[in-house]
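[1] return atomic coordinates for the entry below.
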Amino acid sequence: MARSALGRVARPLSAGRSRIARLDLDRSLVQAAQADPARFDALYRKYVAQVYSYAVYELRDQHEAEDATARTFLSALAALPRFREQADPAEGPEASTFRVWLFRIARTTVAERRRALRRHPQAPLEAALTLPTPGDVATEAISRDEAGAAWRAIDRLDEDRRRAVILRFVHELSTAEVAAILGRSEGAVRVLVHRALRSVARDLRGDRQSGR
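    Numbers count the residues shown, from 1 in each chain. From the prediction side, this is the model:
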């Protein structure tokens with residue numbers, strides 16, 4: 001990743017926040033890795049599957065996703081000395097500033113790769129069907145065909161709504177984490193998710209009624 005991109009993602013999550021979380025879920029692992037880069041492996045093993053699943057959904061190609069995942073963690077390792085924990089105590093004991101920061105790097109890395117691939121056709125959505133489906137949609141997606149219909153409905157969402165749904169339900173990030181990654185308020189994220197799920201449900205009903 002370019003140095004300028006690293007500089008963007010390595011900044012604290014919000015310059016306006018002044019409170020530091022009493023307990024960040026990954027604090028001990030981050031501090032250990034900052035003291036000894038060889039111990040970064042613990043953070044890698046903890047989050048590699050989440051970053052890869054995000055990358056493969058966005059890029060629709062396993063090889064491209066593997067490359068983006070590797071670049072994400074290399075960028076994170078290089079920027080780790082500049083990482084500063086800055087989370088709101090209200091986010092609770094399960095909050096991880098590192099996870100938000102890592103996903104911001106992943107988002108930047110994937111976006112750069114998508115721009116490079118824009119002139120080439122992408123693999124179909126079915127390449128992402130190995131990922132778990134969002135909980136609120138999966139209640140009606142019992143069969144593989146229904147799951148495919150749900151994913152196609154999600155894929156038809158506009159970009160902001162689709163990303164909010166994927167981060168919130170597939171990757172099981174908190175609303176606060178999704179807001180930090182997307183650079184929006186928590187209220188805006190809740191609206192995005194609510195409208196996205198309504199659109200998906202409406203789309204699925206239309207498919208069933210038309211026999212598609």
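
[2] now do the helices in this protein.
    Applying DSSP state H to the chain gives helices spanning 3-9, 27-35, 41-59, 62-79, 97-117, 135-138, 144-155, 159-165, 175-182, 186-210.

[3] pipe those helices into TSV and attach mean neighbour count per row.
    Every residue, glycine included, has its C-beta placed from N, CA and C. Shown next, in TSV, are the helices of the chain (neighbours: other Cβ atoms under 10 Å):
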stretch	mean neighbour count
helix 3-9	13
helix 27-35	16
helix 41-59	19
helix 62-79	19
helix 97-117	20
helix 135-138	16
helix 144-155	17
helix 159-165	19
helix 175-182	22
helix 186-210	16
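
[4] so which of the ones you listed is nearest E85?
    helix 97-117 (4.7 Å; Cβ to Cβ).

[5] that older thread, would JSON lines of the helices of the chain with mean pLDDT and distance to E85 be doable?
    What follows is these, written out as JSON lines (pLDDT from 0 to 100; distance: least, Cβ to Cβ, whole Å):
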{"stretch": "helix 3-9", "mean pLDDT": "43", "distance to E85": "15"}
{"stretch": "helix 27-35", "mean pLDDT": "91", "distance to E85": "6"}
{"stretch": "helix 41-59", "mean pLDDT": "91", "distance to E85": "13"}
{"stretch": "helix 62-79", "mean pLDDT": "88", "distance to E85": "14"}
{"stretch": "helix 97-117", "mean pLDDT": "89", "distance to E85": "5"}
{"stretch": "helix 135-138", "mean pLDDT": "44", "distance to E85": "29"}
{"stretch": "helix 144-155", "mean pLDDT": "70", "distance to E85": "33"}
{"stretch": "helix 159-165", "mean pLDDT": "88", "distance to E85": "24"}
{"stretch": "helix 175-182", "mean pLDDT": "88", "distance to E85": "13"}
{"stretch": "helix 186-210", "mean pLDDT": "79", "distance to E85": "19"}
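
[6] who's in contact with D203?
    Under the criterion of Cβ atoms under 8 Å, 6 or more residues apart in numbering, the contact partners of D203 comprise A153, R156.

[7] swap the cut-off to 10 Å and go again
    By Cβ atoms under 10 Å, 6 or more residues apart in numbering, the contact set of D203 is A149, A150, R152, A153, I154, R156, L157.

[8] wouldn't the first one be in contact with A201 here?
    No. Between A149 and A201 there is no contact under Cβ atoms under 10 Å: 11.6 Å.
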